[in-house]
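Enquirer: sequence-free structure coming up:
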């Protein structure tokens, strides 16, 4: 059986308002190059032939072109305009996906996904239709109700979800043909709503999502530790 063609949809449609920076967080410089390039490089290291689809805000396309020149990024890729919600951005990216393929959807602000995590996601998705990486929470967790009432939850029953989330193209395309719902927080929730069971695979703890200034400090630390190792 021949290997399915692989796509990577990089979701970079956010504007990073919580970061308080002058440019979206995916374009902030981390160890000498923008965060988004770190994320893309992880997949190109895994599979140089992976087909790149990058989803950007309309007003960031000029900046993207400048950064590609500045950082000598020459890998072939397609650009798609992002939407109001993450759901819309991914749906726009899917317009370039053909059938009989595997599609990874990854946050542009997750620069430290490991090759092992990427491989596990593609391998399981090829076998079972989808794969979503997760890690266990490091501390205690509680569920909060109204009026500040809360209760403890069993940590072993909680999964913190990461990306890339990888799907067989027919499953993902059919799922995104459905109308948007507010509870569609990621691709897994969209696919689950279409009737599919989600297959969880172990992720890597350093695969953080950079959202705040503190995350950038942590990211610099991770790179320093990896360099020293």
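Expert: Arrived safely, thanks for sending. None of these values were measured; they are calculated from a predicted model.

Enquirer: just for the chain, where's the confidence low?
Expert: 1-2, 14-22, 227-229 (pLDDT under 70).

Enquirer: can you map out the helices along it?
Expert: Using DSSP state H, the helices of the chain run over 35-46, 61-70, 86-93, 115-128, 169-175, 187-193, 213-228.

Enquirer: now for the ones you listed, which one comes closest to residue 207?
Expert: helix 115-128 (6.5 Å; Cβ to Cβ). Heads up, the C-betas are built off the backbone N, CA and C, glycines and all.

Enquirer: Run through the neighbouring helices and strands of that closest one.
Expert: helix 35-46, strand 101-107, strand 130-135, strand 165-168, strand 200-202 (3 or more Cβ pairs under 8 Å, 6 or more residues apart in numbering; DSSP states H and E).

Enquirer: Check the ones you listed for me and report the most buried one.
Expert: strand 165-168 (a mean of 27; mean count of other Cβ atoms under 10 Å).

Enquirer: Not counting its own residues, what contacts that one?
Expert: Here strand 165-168 makes contact (Cβ atoms under 8 Å, 6 or more residues apart in numbering) with 4, 101-106, 121-122, 124-126, 129-133, 175, 186-188, 191.

Enquirer: ok, now stretch 220-229?
Expert: Stretch 220-229 has contacts (Cβ under 8 Å, 6+ apart) with 30-31, 112, 206, 208.

Enquirer: Kindly report the same for stretch 82-98.
Expert: Residues contacting stretch 82-98 (Cβ under 8 Å, 6+ apart): 5, 7, 9, 11-13, 53, 55-58, 78, 80-81, 103, 105, 169, 172-173, 176, 180, 184-187, 190.

Enquirer: what do you get if the cut-off is 7 Å, keeping everything else the same?
Expert: Around stretch 82-98, the neighbours that count as contacts under Cβ atoms under 7 Å, 6 or more residues apart in numbering are 7, 9, 11, 13, 53, 55-57, 78, 80-81, 103, 105, 169, 172-173, 176, 180, 184, 187, 190.

Enquirer: Could you list the buried residues of that stretch?
Expert: Buried residues in stretch 82-98, counting neighbours by 16 or more other Cβ atoms under 10 Å, are found at 82-83, 86-94, 97.

Enquirer: with those in mind, which one is nearest to residue 156?
Expert: The closest of these, once distances to residue 156 are taken by Cβ to Cβ, is residue 86, at 28.5 Å.

Enquirer: What separation is there between that closest one and residue 35?
Expert: 17 Å (Cβ to Cβ, to the nearest Å).

Enquirer: How about the contacts made by the spatially most central residue of the chain?
Expert: For the chain, residue 106 is the residue whose C-alpha lies nearest the centre (Cα atoms, centre = their mean; 2.1 Å). By Cβ under 7 Å, 6+ apart, the contact list for residue 106 reads 8, 10-11, 39, 113, 163-164.

Enquirer: Most neighbours out of the residues you listed, which is it?
Expert: Ranked by the number of neighbours (other Cβ atoms under 10 Å), the contacts of residue 106 place residue 164 first, at 29 neighbours.

Enquirer: wait, doesn't that residue sit right on residue 120?
Expert: No: if you go by Cβ atoms under 7 Å, residue 164 and residue 120 don't touch, sitting 10.2 Å apart.
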